[in-house]
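**Student:** Quick one, fold the following:
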Amino acid sequence: MTKMVSDAELIAFMRESLRIEGIMREPSGDELEETALFMVLKRVSVEDVVELVNIYQPGAELRDRPGLNVRVGNHIAPPGGPEIAGALGQILLSLPAADPWATHVAYETLHPFTDGNGRSGRALWAWQMVRRQRGLPLGFLHAWYYQTLERSRELPVS
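**Tutor:** All right, here's what the predicted structure looks like:
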């Protein structure tokens, strides 16, 4: 396997990802190991994301059954059911060519898991970013800010 992210970049990314969630601890060895394995995948499958979420948020479930519904703030994710796994699969099929910003928005809007979506969504974003630039020289929030500005150029001005 080719290492695509340095240890320092991975640790910095994981620290930031945890802190975005208000988790003020160091990433665990299991989290670092699983994320490092995730980063070198050639393709990402639904099963790969399920494995990652199982490490990030033990007990979280793929919302592939009716009744596994979530609401995050004002966002009500699509209802749980088999369509969730299919929609997640479609998002993953577009990789790595899809825009990381658009992929992240689609993933978070789908909110495919009962918990752990933020961290796994950022890991998916990072997976795409390392394929574009061979590493994570900017943190998620820094890069996301610039990606959002870039995308805002496409919006009509009122």
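**Student:** Tell me both backbone torsions, phi and psi, for residue 110.
**Tutor:** When read as degrees, to the nearest 10, the backbone of residue 110 gives phi -70, psi -40.
**Student:** helices and strands around the helix or strand of the chain with the lowest mean pLDDT, which ones?
**Tutor:** Counting by mean pLDDT, DSSP states H and E, the chain has its least confident helix or strand at helix 140-152, which shows a mean of 93. Helices and strands touching helix 140-152, as assessed by 3 or more Cβ pairs under 8 Å, 6 or more residues apart in numbering; DSSP states H and E, comprise helix 7-20, helix 100-110, helix 117-133. For glycine as for every other residue, the C-beta is placed from the backbone atoms N, C-alpha and C.
**Student:** among the ones you listed, which is the most enclosed?
**Tutor:** Ranked by mean neighbour count under mean count of other Cβ atoms under 10 Å, the helices and strands packed on helix 140-152 are led by helix 117-133, which reaches a mean of 21.
**Student:** related to what we said a few turns ago, if we go by neighbour counts, what in the least confident helix or strand of the chain is buried?
**Tutor:** Buried residues in helix 140-152, counted by 16 or more other Cβ atoms under 10 Å: 140, 143, 144, 147.
**Student:** give me the low-pLDDT residue ranges for this structure?
**Tutor:** Applying pLDDT under 70 to the predicted model, the residue ranges of the chain that meet it are 1-2, 158.
**Student:** For it, which residue occupies the most central location?
**Tutor:** In the chain, the centroid-proximal residue (Cα atoms, centre = their mean) is residue 121; its distance is 1.4 Å.
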